[in-house]
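In: can you look at this prediction? I've put the sequence above it.
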Amino acid sequence: MTTTQNTAPDPNLTDGMHIVVDALKKNGIDTMYGVVGIPVTDLARHAQEAGIRFIGFRHEQSAGYAASAAGFLTKKPGILLTVSAPGFLNGLTALANATTNGFPLIQISGSSDRAIIDLQQGDYEELDQMNIAKPFAKASYRINKPEDIATGLARAIRAAISGRPGGVYLDLTTALLGSVVDKDAADKTLFVPVDPSPASIPSPASVDRALKLIASAKQPLVILGKGAAYAQADDQIKDFIEKTGMPYVPMSMAKGLLPDNHPQSAASARGFVLENADVVILMGARLNWLLSHGKGKHWNPNVQFVQLDIDATEFDSNRPIAAPVAGDISSIIDAFNTGLAKTPIKATDAWVKAVNDAKIPNDEKMKVKLSNTDLPMDYFCALNAVKKITDKYQDLYVVNEGANTLDDCRNVIDMYKPRHRLDCGTWGVMGVGMGYAIGAAITSGQSVLAIEGDSAFGFDGMEIETICRFKLPITIVVFNNGGIYNDSHVDLSGHGDPSPTTLMADAHYDKMIEAFGGVPYFVETPEDLTKAIEAGITSKKPTLINVVINRTCGTESGHIGSLNPKVLTTK
Ligand code: ADP
Ligand code: TPW
Ligand code: MG
């Protein structure tokens with residue numbers, strides 16, 4: 001293949017940008033998320049012309065979150081397109097977040113002239129992007145030659161979706177994008193990788209060891225993680241859990257894998273089951289901070305773990321795993337379901353009863369909290385109003401971020417469908433809300449309800465313009481308690497500055513969406529909140545509901561105050 005300078009249109013010629021688009025299309029990529037500028041503006045135009053949707057954002061970070069949500073929901077890598085240097089860096093947080101959460105994402109970025117970058121001679125938007133991306137990505141590649149475009153994309157796709165999914169960086173230089181080559185020769189380079197996410201079959205010995213350990217348990221427990229949700233093995237998992245009768249607890253993004261109102265859900269007896277389970281089956285869930293690393297007072301000191309994970313390096317990361325099973329969840333659960341004939345497993349009546357008994361007082365306490373109707377509303381009062389809608393419209397996608405807004409919502413709002421809840425995830429990151437909501441709306445076409453703290457919403461609030469521009473069926477609820485965690489009202493500055501946690505409690509976030517033609521609501525009562533949400537999700541019109549929340553009821557750091565270093569306290 002010969003490379004020449006840019007020339008006038010000639011049907012026998014093509015260029016780097018068109019080859020990229022052709023390669024994406026051939027690989028079934030139907031949507032790109034991003035922000036354009038030099039050198040990728042025409043790449044987005046060509047993609048659109050070729051029938052790939054281009055969802056243009058106001059900030060690359062949100063575009064990256066949207067693409068990674070699409071990746072998690074569909075098992076196909078989401079595509080983020082960014083410009084060089086600052087655009088690339090704005091997207092990098094989303095790339096790192098995707099890697100941390102195990103969401104398949106490919107960030108494709110234009111970059112400047114290699115020769116000038118390498119000698120640091122000050123090119124326009126000069127940055128050594130490929131090397132900077134490496135610690136934040138599963139893989140980081142640069143394509144330098146037009147004949148390597150299809151190979152580069154195939155490598156990126158394989159890295160994003162094989163094994164533990166994650167973020168991949170793909171660097172496209174300006175010279176590559178602008179290179180002009182023979183079209184026939186370029187077409188011949190295109191290909192689709194065969195079986196890019198191969199099944200990973202567990203060894204029979206590991207399956208046998210795991211089933212025997214579970215069968216020996218007196219008080220077994222399943223913990224479902226977002227790896228299990230991602231695996232799309234919903235029916236097999238349900239079958240295994242129902243056949244064995246074991247109680248289970250879903251991690252937040254595994255909620256709905258089995259409906260939260262399933263009789264075997266032990267979510268409301270979480271403390272009790274963690275303290276008492278003698279064998280815990282981690283199904284696509286890591287023993288990270290979200291599970292207190294499997295150690296300490298929250299856990300039965302004699303607990304043994306069975307861990308099902310596609311990434312064998314995960315085992316023993318926090319404590320010894322008695323029965324590791326390496327493989328993909330679908331293949332493992334198939335093997336488990338078959339193995340039950342030889343090694344039957346059935347949770348005992350005594351254990352099931354103990355778990356059910358432990359749920360009763362907690363369910364009662366929750367009922368009392370939800371019945372509070374004092375104004376201004378606290379989180380539970382407001383969430384009870386939201387729950388009326390989420391229980392009625394069970395297909396609704398729910399996006400959720402904040403501190404109290406996150407923790408209380410996770411506990412109150414039941415999910416009924418797999419992969420319908422997206423939240424702050426492994427990092428507890430703020431600013432994912434609008435991106436995740438857009439990714440969910442674009443991939444599903446269904447209504448999305450984003451339940452946002454007022455601080456969380458502020459990180460990416462400008463994306464409501466994107467939501468309105470694309471007329472997406474997204475209803476945003478902003479729980480406005482005037483601050484991060486709460487409005488502590490303490491002025492330690494001595495000259496009238498707001499406190500570090502204070503935001504504007506009297507703000508009208510609803511007015512923001514008016515600017516773009518969306519539907520605004522300002523609500524102060526649970527009745528009005530329920531009505532506004534129902535109107536929003538059934539009309540499918542972009543809607544923003546500012547909910548006045550009691551300024552003092554939130555706790556600092558939500559439910560993870562224990563992780564907050566406090567040594568010498570201030571006033
Ligand atoms: P959660 O936050 O819900 O507890 P994590 O993100 O900590 O979940 O853990 C998910 C785990 O699932 C990761 O260790 C990842 O390697 C694993 N995983 C992801 N996809 C699959 C799959 N298809 N099969 C098996 N394990 C998977
Ligand atoms: C990227 C730190 C954790 S929770 C939170 C912040 C800023 C906001 C909590 O206030 P919000 O919710 O959303 O109003 P509520 O209901 O408790 O009042 N920057 C990033 N990520 C994180 N996690 C932070 C800062 C933080
Ligand atoms: Mg708040």
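Out: Noted; the coordinates are in hand. Residues are numbered from 1 along each chain as shown. Ligands and ions are numbered 1, 2, ... in the order given.
In: pretty sure residue 109 sits in a helix.
Out: No: assessed with DSSP: H, G, I helix; E, B strand; the rest coil, residue 109 is strand; it does not lie in a helix.
In: residues touching it, list them.
Out: 40, 81-84, 87-88, 91, 129, 169-172 (CB atoms under 8 Å, 6 or more residues apart in numbering). C-beta coordinates here come from the backbone N, C-alpha and C atoms, glycine included.
In: what residue spans form the domains of the chain?
Out: With domains defined by automatic domain parsing, the chain comprises 3-189, 204-357, 371-563.
In: quick check: mean pLDDT across the first one?
Out: Model confidence over domain 3-189, given as mean pLDDT, is 96.
In: please apply the same query to stretch 314-321.
Out: pLDDT averaged over stretch 314-321 gives 98.
In: now do that stretch: distance from first to last residue.
Out: Distance between the boundary residues of stretch 314-321 (CA to CA, to the nearest Å) amounts to 10 Å.
In: where does the stretch 1-150 of the chain get nearest to ligand 1, which residue?
Out: When scored by CB to the nearest ligand atom, the stretch 1-150 of the chain has residue 102 as its residue closest to ligand 1, at 4.9 Å.
In: from what I can see that residue touches residue 161, true?
Out: No: with contacts counted by CB atoms under 8 Å, residue 102 stays clear of residue 161, the gap being 10.5 Å.
In: and these two? Which one has more around it.
Out: Neighbours per residue (other CB atoms under 10 Å) separate residue 102 from residue 161, with residue 102 holding more: 25 against 21.
In: so what's residue 510 closest to, chain neighbours aside?
Out: residue 520 (3.6 Å; CB to CB, 6 or more residues apart in numbering).
In: give the contact list for the one you found.
Out: Residue 520 neighbours (CB under 8 Å, 6+ apart): 510-511, 513-514, 543-546.
In: who does the helix or strand containing it pair up with?
Out: Following DSSP states H and E, one finds residue 520 within strand 519-523. Using DSSP bridges, strand 519-523 pairs in its sheet with strand 543-548 (parallel).
In: pull out the buried positions in the following helix or strand past the strand holding residue 520.
Out: Using DSSP H and E, the next helix or strand after strand 519-523 towards the C-terminus is helix 526-539. Of the residues in helix 526-539, 526, 529-533, 536-537 count as buried by neighbour count, 16 or more other CB atoms under 10 Å.
In: report all helices and strands that helix 526-539 contacts.
Out: helix 379-392, strand 448-453, strand 474-480, strand 519-523, strand 543-548 (3 or more CB pairs under 8 Å, 6 or more residues apart in numbering; DSSP states H and E).
In: pull the distance from that helix to the chain's centre.
Out: Centroid separation between helix 526-539 and its chain, computed with CA atoms, centre = their mean, to the nearest Å, is 25 Å.
In: just the CA trace of the helix or strand where residue 61 lies, in CSV.
Out: Taking DSSP H and E as the definition, residue 61 sits inside helix 60-74. Only the C-alpha atoms of helix 60-74 are listed here, as CSV (Å, rounded to 0.1, in the frame of the first residue of the first chain):
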residue,chain,number,x,y,z
GLU,A,60,-15.3,14.2,27.0
GLN,A,61,-15.6,12.7,30.5
SER,A,62,-19.3,12.4,30.2
ALA,A,63,-19.0,11.0,26.7
GLY,A,64,-16.6,8.4,28.0
TYR,A,65,-19.0,7.5,30.8
ALA,A,66,-21.8,7.1,28.3
ALA,A,67,-19.7,4.9,26.1
SER,A,68,-18.6,2.7,29.0
ALA,A,69,-22.2,2.3,30.2
ALA,A,70,-23.1,1.2,26.7
GLY,A,71,-20.2,-1.3,26.9
PHE,A,72,-21.4,-2.7,30.3
LEU,A,73,-25.0,-3.0,29.1
THR,A,74,-24.3,-4.6,25.7
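In: which helix or strand lies directly C-terminal to it?
Out: Next along from helix 60-74, by DSSP H and E: strand 78-82.
In: what are the pairing partners of that following strand, and which direction each?
Out: Looking at strand 78-82 with DSSP bridges, its partner strands are strand 31-34 (parallel), strand 105-111 (parallel).
In: deepest of the ones you listed, which one?
Out: Among the strands paired with strand 78-82, the stretch with the highest mean neighbour count (mean count of other CB atoms under 10 Å) is strand 105-111, at a mean of 30.
In: that one vs helix 60-74, what angle?
Out: For strand 105-111 against helix 60-74, the angle by axes from the mean of the first three to the mean of the last three CA atoms, to 10 degrees is 150 degrees.
In: what's the first helix or strand after strand 105-111?
Out: helix 114-118.
In: could you point out the longest helix of this structure?
Out: Longest helix in the chain by number of residues (criterion: DSSP state H): helix 349-370.
In: run through who's touching it.
Out: Under CB under 8 Å, 6+ apart, the answer for helix 349-370 is 218-220, 245, 247, 266, 268-269, 272-273, 276, 380-381, 383-384, 387, 411-412.
In: those residues, buried ones only, as a PyMOL selection?
Out: Buried subset of the contacts of helix 349-370, written as a PyMOL selection, criterion 16+ other CB under 10 Å:
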select buried, resi 219+220+245+247+266+268+269+272+273+276+380+381+383+384+387+411+412
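In: near ligand 2 too, which of the contacts of helix 349-370?
Out: With CB under 6 Å from any ligand atom as the criterion, these include none near ligand 2.
In: inside strands: which ones of the contacts of helix 349-370?
Out: Residues from those lying in strands, with DSSP state E as the criterion: residue 220.
In: tell me the pLDDT at residue 393?
Out: Taking residue 393 on its own, its pLDDT is 98.
In: any idea which helix or strand carries residue 409?
Out: helix 404-412.
In: residues contacting the very next helix or strand once past that helix, please?
Out: The first helix or strand that comes after helix 404-412 along the chain, using DSSP H and E, is strand 421-423. Residues from elsewhere that reach strand 421-423 (CB under 8 Å, 6+ apart): 69, 72, 252-253, 255-256, 397-401, 406, 410, 415, 432, 436-437, 439-440.
In: give the buried residues for strand 421-423.
Out: Buried-residue list, strand 421-423, by 16+ other CB under 10 Å: 421-423.
In: next: stretch 422-437.
Out: 422-426, 428-437.
In: same deal with stretch 386-397?
Out: Buried residues in stretch 386-397 (16+ other CB under 10 Å): 386-390, 393, 396-397.
In: got it, and stretch 80-99?
Out: Within stretch 80-99, judged by 16+ other CB under 10 Å, the buried ones are 80-85, 87-99.
In: please see if it touches ligand 1.
Out: No: applying CB under 6 Å from any ligand atom, one finds stretch 80-99 separated from ligand 1 by no less than 10.9 Å.
In: could I have that stretch exported to CSV, CA atoms only?
Out: These are the backbone C-alpha positions of stretch 80-99, laid out as CSV (Å, rounded to 0.1, in the frame of the first residue of the first chain):
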residue,chain,number,x,y,z
LEU,A,80,-15.2,7.3,22.9
LEU,A,81,-13.8,9.8,20.4
THR,A,82,-11.6,12.6,21.7
VAL,A,83,-9.3,15.3,20.3
SER,A,84,-5.6,15.5,21.2
ALA,A,85,-4.1,16.5,24.6
PRO,A,86,-6.8,18.3,26.6
GLY,A,87,-9.7,16.3,25.0
PHE,A,88,-7.7,13.1,25.5
LEU,A,89,-7.1,14.0,29.2
ASN,A,90,-10.7,14.9,29.7
GLY,A,91,-11.6,11.4,28.5
LEU,A,92,-9.0,9.7,30.5
THR,A,93,-10.9,9.7,33.8
ALA,A,94,-13.7,7.8,32.1
LEU,A,95,-11.1,5.4,30.6
ALA,A,96,-9.6,4.7,34.0
ASN,A,97,-13.0,4.4,35.5
ALA,A,98,-14.0,1.8,32.9
THR,A,99,-10.8,-0.2,33.6
